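Novice: whatever this is, show me its structure:
(2 chains)
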Number of protein chains: 2
Amino acid sequence: MKISFIGSGNVAWHLSQALENIGHSVEEVYSRNPKHAEALTKLLYNASAHHSLDFRDSAAQIFFLCVSDDAISEVIKHLTLPLDAILIHTSGSKSLHEMDEMLRVYSDIPIKTGVFYPVQTFSKVFHVNFSTIPICIESDNESVENLLITLGQELSDITYAVNSEERKVLHVAAVFACNFTNHLLGVAQELMEENDLEFDLLKPLIHETVRKALDSKNIFNVQTGPAVRDDQKIINQHLLFLKQLPDYQHIYRALSEGISHQKHK
Amino acid sequence: MKISFIGSGNVAWHLSQALENIGHSVEEVYSRNPKHAEALTKLLYNASAHHSLDFRDSAAQIFFLCVSDDAISEVIKHLTLPLDAILIHTSGSKSLHEMDEMLRVYSDIPIKTGVFYPVQTFSKVFHVNFSTIPICIESDNESVENLLITLGQELSDITYAVNSEERKVLHVAAVFACNFTNHLLGVAQELMEENDLEFDLLKPLIHETVRKALDSKNIFNVQTGPAVRDDQKIINQHLLFLKQLPDYQHIYRALSEGISHQKHK
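Specialist: Now for the predicted structure:
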């Protein structure tokens, strides 16, 4: 397939290369910042940096819209696609319906749409292996859905049909499991290093925590620590220790209360 | 060495077996609940369940005190040890000094003390490999410190001398990295399953999140998600989605604020 990318952020960065690795061809990359588009095209076979959102003359059949949710409406406002183009967004939180509505307002021609959401956290500097990334696809159009299933299966061992409502739940859950977990690990790292302790000391504990949780039918059942023991003395000591760090204190309190309430449910 | 255990919870459970595996002998196990002590002795070579805290006639040289912090003072109040006994606690948050003070109040004979804190989360049903668990040791007595270093090195590849102040920091950091992370993963699992989505969908994301964080010199720099993008629209959508789950909403808000403040520091 001939594919173009609108956006050159972390998702576009990895997805475009992964699609070329399985034999597809990336035609164009558009980015608000032309330098970013050019940086990505250098990693692709024949792609060119595209400097406008006018894709009327593009040879691409599929356009991957990989921009932040906030930017989607701004892009669609100025987007011109060739006839028969398929527009696919890759967002965890944008519903298919919202994108369709915007297109109806701003486009004269009917455009087939779909969602292709890889459930993973991407950073440019970290290599990702798409074969283990669940791909959530959605489309109201059967041929587009089949196409996305095929693309998904070429890239990954795990492809799910997930509608917009389910995708929103998935995204909230991912924020807890991924974004918030990362912040907690960052807090732990900072506390250790600020006190001249090696963060490495905690790494086996972190690995075991995750292994144990992911092996558990009910993760709440393997909860350990002062909050689940209702050990108010230690909790108070820890809150006192964090008194110069109000954000950490606030997080400590919210999570300890959550753990305690969960236990007494 | 001949060793006895006071307490038969998760730490005693694994540590006693691990010490026997490297050739030490567990003499007695005491637990408030005799059935718990008996259950553990069944997994040990020659240990007997001890029904009181009077160890005057014990052949053990080292006594591992593996009870909750709250129970330590109650145990010490009733504890009688043989002459030359060494009493070692395994708590992350109890200072050596606190234990020494209690002993001075309740014991006629001077007792050598130390701390042997394995930085790991233990559950009876999950096997643990001590060789990868950092052991933090502390003693004011040089011979006890050397003994604990030897025991630590026999059990594990990683033994650190960590004083009581450092151990407190370590314990707070461990609560963030382990206990709180477990709760977040539990919340994610519940959100998924309550909405008929497979939790497996999130597992590659969780593995990658942890891998990436533990590979990062500064974990805050690899933060992703709506909070670090200051994407208030999605944050509000998520808070609205969580409105029937006030604890989760509270955690969501505390962590999103923490992430945002961290970014703008």
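
Novice: now the stretch 51-200 of chain A against chain B: closest residue?
Specialist: Here the stretch 51-200 of chain A gets closest to chain B at one residue, A:N179, 3.1 Å apart by Cβ to the nearest Cβ. (Each C-beta comes from the backbone N, C-alpha and C, glycine too.)

Novice: that residue contacts B:I259, doesn't it?
Specialist: Yes: at 7.1 Å, A:N179 counts as touching B:I259 under the criterion of Cβ atoms under 8 Å.

Novice: pretty sure A:G23 sits in a strand.
Specialist: No: read with DSSP: H, G, I helix; E, B strand; the rest coil, A:G23 is coil and lies in no strand.

Novice: who's in contact with it?
Specialist: Neighbour list for A:G23: empty [criterion: Cβ atoms under 8 Å, 6 or more residues apart in numbering or on different chains].

Novice: and the pLDDT for it?
Specialist: Here the pLDDT value assigned to A:G23 is 96.

Novice: cool, and A:V128?
Specialist: If you check A:V128, the pLDDT there is 87.

Novice: that one: what secondary structure?
Specialist: Relying on three-state DSSP, one would call A:V128 coil.

Novice: biggest helix in chain A by residues?
Specialist: Ranked by number of residues, the top helix in chain A under DSSP state H is helix A:246-263.

Novice: who does A:I88 bridge with?
Specialist: As for beta bridges, A:I88 partners with A:F64, A:G114 under DSSP bridges.

Novice: hmm, it is touching A:K112, no?
Specialist: No: the pair A:I88 / A:K112 is not scored as a contact, 9.3 Å apart, by Cβ under 8 Å.

Novice: run through the residues that contact the nearest residue to the residue of the stretch 51-200 of chain A closest to chain B once chain neighbours are set aside.
Specialist: Residue nearest to A:N179 in three dimensions, not counting chain neighbours: B:G225, with 3.1 Å by Cβ to Cβ, 6 or more residues apart in numbering or on different chains. Residues counted as contacts of B:G225 (Cβ under 8 Å, 6+ apart) are A:V175, A:C178, A:N179, A:F180, A:N182, B:I259.

Novice: name the element B:G225 belongs to?
Specialist: Under the criterion DSSP states H and E, no helix or strand holds B:G225.

Novice: pLDDT value on it, please?
Specialist: With respect to pLDDT, B:G225 scores 90.

Novice: can you tell me how far it is from B:I158?
Specialist: 32 Å (Cβ to Cβ, to the nearest Å).

Novice: swap in A:I22?
Specialist: Taken as Cβ to Cβ, the span from A:I22 to B:I158 is 42 Å.

Novice: again, but for A:V119
Specialist: 34 Å.

Novice: compare neighbour counts for those two and give me the winner.
Specialist: Between A:V119 and B:I158, A:V119 has the larger neighbour count (other Cβ atoms under 10 Å in any protein chain shown), namely 25 against 19.

Novice: what helices or strands is the longest helix of chain A leaning on?
Specialist: Helices and strands touching helix A:246-263, by 3 or more Cβ pairs under 8 Å, 6 or more residues apart in numbering or on different chains; DSSP states H and E, are helix A:181-194, helix A:232-241, helix B:181-194, helix B:246-264.

Novice: for the last one, which outside residues touch it?
Specialist: By that I understand helix B:246-264. With contacts defined as Cβ under 8 Å, 6+ apart, helix B:246-264 is touched by A:175-176, A:179-180, A:183-184, A:186-187, A:247-248, A:250-251, A:253-255, A:257-258, A:261-262, B:183-184, B:187, B:191, B:220, B:223, B:225-228, B:230, B:235, B:238-239, B:242-243.

Novice: how about A:F122, what does it touch?
Specialist: The contact partners of A:F122, by Cβ under 8 Å, 6+ apart, come to A:N10, A:V11, A:W13, A:H14, A:V128, B:T224.

Novice: so which of those wins on neighbours?
Specialist: Within those, neighbour counts (other Cβ under 10 Å) peak at A:W13, which reaches 23 neighbours.

Novice: nearest spatial neighbour of it, skipping sequence neighbours?
Specialist: A:K124 is the one closest to A:W13 (Cβ to Cβ, 6+ apart), at 5.3 Å.

Novice: what secondary structure does that neighbour sit in?
Specialist: Following three-state DSSP, A:K124 is assigned to coil.

Novice: correct me, but it touches A:S8?
Specialist: No: shown here, A:K124 and A:S8 do not form a contact pair, counting by Cβ under 8 Å, at 9.8 Å.

Novice: ok, these two, which is more surrounded?
Specialist: Neighbours were counted for A:K124 and for A:S8 using other Cβ under 10 Å; A:S8 has more, 26 against 11.

Novice: for chain A, which segments count as helices?
Specialist: Using DSSP H, the helices found in chain A span residues A:10-21, A:34-41, A:69-78, A:96-106, A:142-155, A:164-174, A:181-194, A:203-214, A:232-241, A:246-263.

Novice: closest to B:D84 out of those helices?
Specialist: Across the helices of chain A, B:D84 has its closest neighbour in helix A:232-241 (31.8 Å, Cβ to Cβ).

Novice: is that closest one positioned near chain B?
Specialist: Yes: using Cβ under 8 Å from any Cβ of the partner chain, helix A:232-241 reaches chain B at A:K233, A:I234, A:Q237, A:H238, A:F241.
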